[in-house]
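S.K.: structure for the following, please:
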Amino acid sequence: MIAVVTGGSGFIGRNLVDRLLRDGHTVRCLVRANGGRAPSRVERHVVEYARPASLHSSRAFEGADVVFHLAGATRAVNEDAFRSANVLVTRHLLGALVARRLRPRFVFVSSQAAAGPAPALDRPIDESDAPRPIEAYGRSKAEAERLVEGFNDRLVTTIVRPCAVYGPRDRDFLTLFRMAARGWLVLPGVRDHWMSLLHVDDVVEGLLRAATRDRAAMRTYFLASREPVRWADVARSISDAAQRPARVVNLPRWVVRAAARVGDGVGLVTGRAPLANSSKAALGRDPYWVCSAARAREELGLPEPMTLPAGIRETYLWYVTQRWLRPQ
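M.R.: Reported below is the predicted structural model:
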């Protein structure tokens, strides 16, 4: 299989590329001239996503069987920046494939944020629910999903919505591990909130099956753990993996809102959105970020996902092995 991957230097993208290479596939990564480095042993194709002609002339798509589209922004200084990164890039990719009369399977990696939170713990959202994004990132992903669906008469597409993801190479969870190593864990007011959480290896498995199963054509899938978890349980698993008792500090909501406002101001000045910002704060308001992957398990035949303790422990050991963390 010849696979084209956008966002191959990112967290999920790098893990996807590694799996494709292990399985013996040819991998071509689209990269920006000043963007992240493509992993070794892949074909590197420099493009300018903002310039459609760059995609129209790229040789990366020739003979490709599947395009995994992961490139985008999870943090941005405003709504227009989210749309530029997540909607316009998607439009230019789809337009280039259609203009060149190419028909690889197009797998769009969206997010649970495009659908929004669940109304209750015992009512996880699924693919039958109308999208209800609550902040700029989710709205941009939902708009990109509608764009992909609009090409269904010209391309074979599949939309995949991973829930919250963790695992090797993830830097957001790395922050939590580093805090735990110091004996404390600060959570932004979400200690008792519930979420669906999935190890990156299980996400990659879902993406590969979505790209290769005929039944997945023109379908949308959530990828999620079978059971939701509380943030308090995640903190406990991190503390156990690091073998260091850690005190959980749950910040009051007013502190989170104040930090978000400060982060927004920093973003306006620097042009780069920090981790604390209004979009992230909005995601933390709802207590039930839970979704159902029943359709994906049935139609894609997904194996049982990794358990939280095993996945957290494996992630911790990867951080230590790569010297991102010092062993306790």
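
S.K.: for Arg28, helix, strand, or coil?
M.R.: strand (DSSP: H, G, I helix; E, B strand; the rest coil).

S.K.: which ones are touching it?
M.R.: Contact partners of Arg28, counting by Cβ atoms under 8 Å, 6 or more residues apart in numbering, are Ile2, Ala3, Val4, Val5, Val42, Glu43, His45, Ala60, Ala64. Every residue, glycine included, has its C-beta placed from N, CA and C.

S.K.: wasn't the third one part of a strand?
M.R.: What it means is Val4. Yes - assessed with three-state DSSP, Val4 lies in a strand.

S.K.: wait, isn't it in contact with Ala64?
M.R.: Yes - using Cβ atoms under 8 Å, Val4 is in contact with Ala64, at 4.8 Å.

S.K.: so what sits against both of these two?
M.R.: Contacts common to Val4 and Ala64, judged by Cβ under 8 Å, 6+ apart, are Arg28, Pro104.

S.K.: those two: who's more crowded?
M.R.: Val4 (26 against 18; other Cβ atoms under 10 Å).

S.K.: so where do the helices sit in the stretch 1-150 of the chain?
M.R.: With DSSP state H, counting those that start in this stretch as the criterion, the stretch 1-150 of the chain has helices at 11-22, 52-56, 79-83, 89-99, 136-149.

S.K.: for Arg123, see how far away Thr158 is.
M.R.: 25 Å (Cβ to Cβ, to the nearest Å).

S.K.: can you pull the pLDDT of Ala142?
M.R.: Note for Ala142: predicted pLDDT of 98.

S.K.: what's the neighbour count on it?
M.R.: Neighbour count for Ala142, taken as other Cβ under 10 Å: 23.

S.K.: out of the contacts of Arg28, which is nearest to Thr74?
M.R.: Nearest to Thr74 among these: Val5, at 17.1 Å, using Cβ to Cβ.

S.K.: ok, now which ones touch the closest one?
M.R.: Gly13, Leu16, Val17, Leu20, Val27, Arg28, Cys29, Leu30, Val42, Val67, Phe68, Leu70.

S.K.: same question, Cys163
M.R.: Gln112, Met195, Ser196, Leu197, Leu198, Phe222, Leu223, Ala224, Ser225, Trp289, Val290, Cys291.

S.K.: out of those, which one has the lowest pLDDT?
M.R.: Within those, lowest confidence goes to Ser225 (94).

S.K.: just checking, it touches Pro305?
M.R.: Yes - using Cβ under 8 Å, Ser225 makes contact with Pro305 at a distance of 5.5 Å.

S.K.: identify the contacts common to the two.
M.R.: With Cβ under 8 Å, 6+ apart, Ser225 and Pro305 have common neighbours Leu198.
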